[in-house]
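S.K.: sequence isn't available, so here's the structure alone:
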Ligand SMILES: Nc1ncnc2c1ncn2[C@@H]1O[C@H](COP(=O)(O)OP(=O)(O)OP(=O)(O)O)[C@@H](O)[C@H]1O
């Protein structure tokens, strides 16, 4: 082989070996890179796995958080919803049947029909354990239409729209479960309910709704009208007890048209006369005035097939306009178009029911109310309705605290007396027309209460400078005594100037009041003349400084004053007529009340007198006080009155529901309030209580007596007069013939009381030496009293049967003596008819009686009979003018004629602890007095 070839081979070999080496290096590098890449790949894979795990954990944590938040929110919302529901349907409106009871509410509530089945049960949370309503949130905002509307959208994701599938539902709420959210519907004051679907469940819904409506409103405020042509009222059988009280009425098959017409009529009437353009609904009226003048009328229409065109259009009218007027329909078995006031209930057993306002939320309807509960409740309500409406409080007539006494009485006195059934208040005015009021109502119908309410309403509006009361009650009892200070309550109604109670046997007190008012009338008429004005408003304008309050004189049971045909009645009627005629323009108003004005002869015999009493007030079943053809009082419910300012003419009737003013506590609250505001110059009223024996020590006349050396006209007080001011009857024992006093009758205590009063009052006017007093006691029964008087008078002589002859001898000599009398001598003789000593003693006594007074020797004697005095005076034909003054106890008027001027006899029928006094030197007629009691 050629060298060159060899060289070439070697060169090739070397080249190959170099290439091989390079290739091996490259291979090693590539392997190293591969390993590195593989290692990196593994690392990245591990990192990715770790990251995935972390992410999953974070995601799970977040999901848990979201779940917890969702549950808490849902529980809170459920709690809030339950709380709101509780407030919307409190008490009888929402309470489950097992603990249900009647709880009348202030305003209409929503009514429970079942409970809402809420989405997914939330876990228990603190919200749930607290009482709904105390947790704060949600006062009903999440709550519309009585069901949970709008709420789903606020809970995490919208679980259900009206069209979407319902969410999963909760199971029954257990002890620890979520709060139960009731399904409520609005009926009273809001709308109508249409029940469809399952018949039994629907019947239960209707029964439950009615019972809740009845139980959550005051008895009688819900009236039910049942129309049930298919089962003839069977659907409402449980409510039958209400029928007796008129709370439930049934309409027979075929009566639907009439029923709908009637309900439409109510709506029209209420719109026109009750709402009268002032309010848009009864609900609004109630909110503004707290009054509900119309009941809710709930018509339950259970089936009835096809409606006529007329029925359909009336039904539509009611669905549109009824709710504002308290006319509501509960309908089953009639097709009704949906409307804003119509709530639908699709009844179904289990959880399949729905109510329109809850959208697609399932509802589990409550079972029907237990039949026994329905019956008992209906009976209770019927009884309460039959017993009449609950009283309205007196406060409803009064202005708010601090607003008292803002009215002026110059032109009249106006006050509310209560609400009319239509709603507005009934205001009553006493003024020039009508000036006087006549109130009538049989016993127990609330006459006295009416007077209290009227006086309270007036007293709260007019200050005592604007208004004065004179109150007289001829009924037995002390009804007006509360206006005067008493032992239990020392306050008084500042307007009251006079209260007369227990005067049923003291008709003279009524007369005294009328005389007093006549005097006041004269005073006002004189002032009017002087200021050249004709009525009180003008007089007050002319004489702003004068005291010219309007006077309201109330005489309850005034027929007692006018009963009989005696002098008291005759004078009373004359005075009344004058006061009624002329008092109107002088601000003197008379309110006369009686159980039965029809029997008052004296009144109806004087049409002119009756005509002045143009304000007539009739309580239930009052007779004759309204016009003959006006029978409004016959059908008045309890605690109502007809007020008629036009002499009882039917067109002027206004019915008023009178508040309860008899309650002592309520009255006291008002009286105390007014008393604290009384003007400082106004003292307590004079209280005349015919049952109380007055005390001499309390007599202002006795307290005013002062001792003097020798008063020319000593006054012997005798007893308390029956008068408007506290005044003592008296006789003046001046030096003049006949100035002796005879007390006549057999009643020892009263005779002794009169002599003691006379003796003590005389003694109070003399210094010890100024007069001589001698007490003669000739009756053992009077001894204690005579001794008591003797002990009270200093240096008083004491005589009895043993030694009276000395006194008489002395006194007769003194009476006939020629020398001037130095000081008066008063001889008080107990039982003068028992004088021992025969004719001689009798003659001496006669001499003293006849001639003594001119020589300041006066006999104050008690004879135990009018005839016995006559004997002392010298027998039947003897003159009686030695007795200038007498006090008769149990002596009949006819026996007194010898001591009474003219041919007649005083009108006197003896009565306990009353006496008739006549003093010929001052009296035209005799006056009744009340002897002072001991002390
Ligand atoms: N408007 C009223 N609201 C509540 N209770 C009333 C009302 N009116 C009267 N009463 C109650 O009825 C009863 C009788 O009332 P009141 O004494 O006023 O009747 P009267 O007609 O004056 O009866 P009498 O003449 O027998 O005294 C009382 O217990 C009174 O509290």
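M.R.: Now that the structure is in, tell me what you want to look at. Just so we're clear, the structure is a prediction, and the values are computed from it rather than from any experiment.

S.K.: what's the neighbour count on the residue in the stretch 51-200 of the chain that the ligand sits nearest to?
M.R.: The stretch 51-200 of the chain approaches the ligand most closely through residue 104 (17.1 Å), counting by C-beta to the nearest ligand atom. The C-beta positions use only the backbone N, C-alpha and C, and glycine is treated the same way. When neighbours are counted by other C-beta atoms under 10 Å, residue 104 registers 16.

S.K.: distance check, residue 638 against residue 760.
M.R.: Using C-beta to C-beta, to the nearest Å, residue 638 is found at 54 Å from residue 760.

S.K.: now residue 467
M.R.: From residue 467 to residue 760 the distance is 40 Å (C-beta to C-beta).

S.K.: could you do residue 490 as well?
M.R.: For residue 490, the distance to residue 760 equals 30 Å [C-beta to C-beta].

S.K.: which of the two has more neighbours?
M.R.: Neighbours per residue (other C-beta under 10 Å) separate residue 490 from residue 760, with residue 760 holding more: 20 against 10.

S.K.: and for the more buried one, nearest residue in space, chain neighbours not counted?
M.R.: Once flanking residues are discounted, residue 760 sits nearest to residue 792: 6.0 Å by C-beta to C-beta, 6 or more residues apart in numbering.

S.K.: phi first, then psi, for that neighbour.
M.R.: phi -80, psi -20 (degrees, to the nearest 10).

S.K.: and the gap between it and residue 102?
M.R.: Residue 792 is 69 Å from residue 102, by C-beta to C-beta.

S.K.: more neighbours: which of the two?
M.R.: Neighbours per residue, other C-beta under 10 Å: of residue 792 and residue 102, the larger number sits with residue 102, 19 against 14.

S.K.: tally of neighbours for the spatially closest residue to the residue of the stretch 51-200 of the chain closest to the ligand that is not a sequence neighbour?
M.R.: By the measure of C-beta to C-beta, 6+ apart, the closest residue to residue 104 outside its immediate chain neighbours is residue 218, 4.3 Å from it. Using other C-beta under 10 Å, residue 218 has 17 neighbouring residues.

S.K.: pLDDT value on residue 218, please?
M.R.: Residue-level confidence at residue 218 comes out at 91, pLDDT.

S.K.: I'd say it and residue 106 touch.
M.R.: No: with contacts counted by C-beta atoms under 8 Å, residue 218 stays clear of residue 106, the gap being 9.4 Å.

S.K.: in a strand, that's where residue 223 is, yeah?
M.R.: Yes: according to DSSP: H, G, I helix; E, B strand; the rest coil, residue 223 belongs to a strand.

S.K.: quick one: contacts for it?
M.R.: 246-249, 295-298 (C-beta atoms under 8 Å, 6 or more residues apart in numbering).

S.K.: same deal with residue 686?
M.R.: 497-499, 724-726.

S.K.: try it again with 10 Å
M.R.: 470, 484, 496-500, 723-726 (C-beta atoms under 10 Å, 6 or more residues apart in numbering).

S.K.: can you list those in JSON lines and add pLDDT, secondary structure and distance to the ligand?
M.R.: Below are the contacts of residue 686 laid out as JSON lines (pLDDT from 0 to 100; DSSP: H, G, I helix; E, B strand; the rest coil; distance: C-beta to the nearest ligand atom, whole Å):
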{"residue": "470", "pLDDT": "97", "secondary structure": "strand", "distance to the ligand": "19"}
{"residue": "484", "pLDDT": "93", "secondary structure": "coil", "distance to the ligand": "18"}
{"residue": "496", "pLDDT": "97", "secondary structure": "strand", "distance to the ligand": "18"}
{"residue": "497", "pLDDT": "96", "secondary structure": "strand", "distance to the ligand": "23"}
{"residue": "498", "pLDDT": "95", "secondary structure": "strand", "distance to the ligand": "20"}
{"residue": "499", "pLDDT": "94", "secondary structure": "strand", "distance to the ligand": "16"}
{"residue": "500", "pLDDT": "93", "secondary structure": "strand", "distance to the ligand": "16"}
{"residue": "723", "pLDDT": "92", "secondary structure": "coil", "distance to the ligand": "26"}
{"residue": "724", "pLDDT": "91", "secondary structure": "coil", "distance to the ligand": "24"}
{"residue": "725", "pLDDT": "90", "secondary structure": "coil", "distance to the ligand": "28"}
{"residue": "726", "pLDDT": "90", "secondary structure": "coil", "distance to the ligand": "27"}
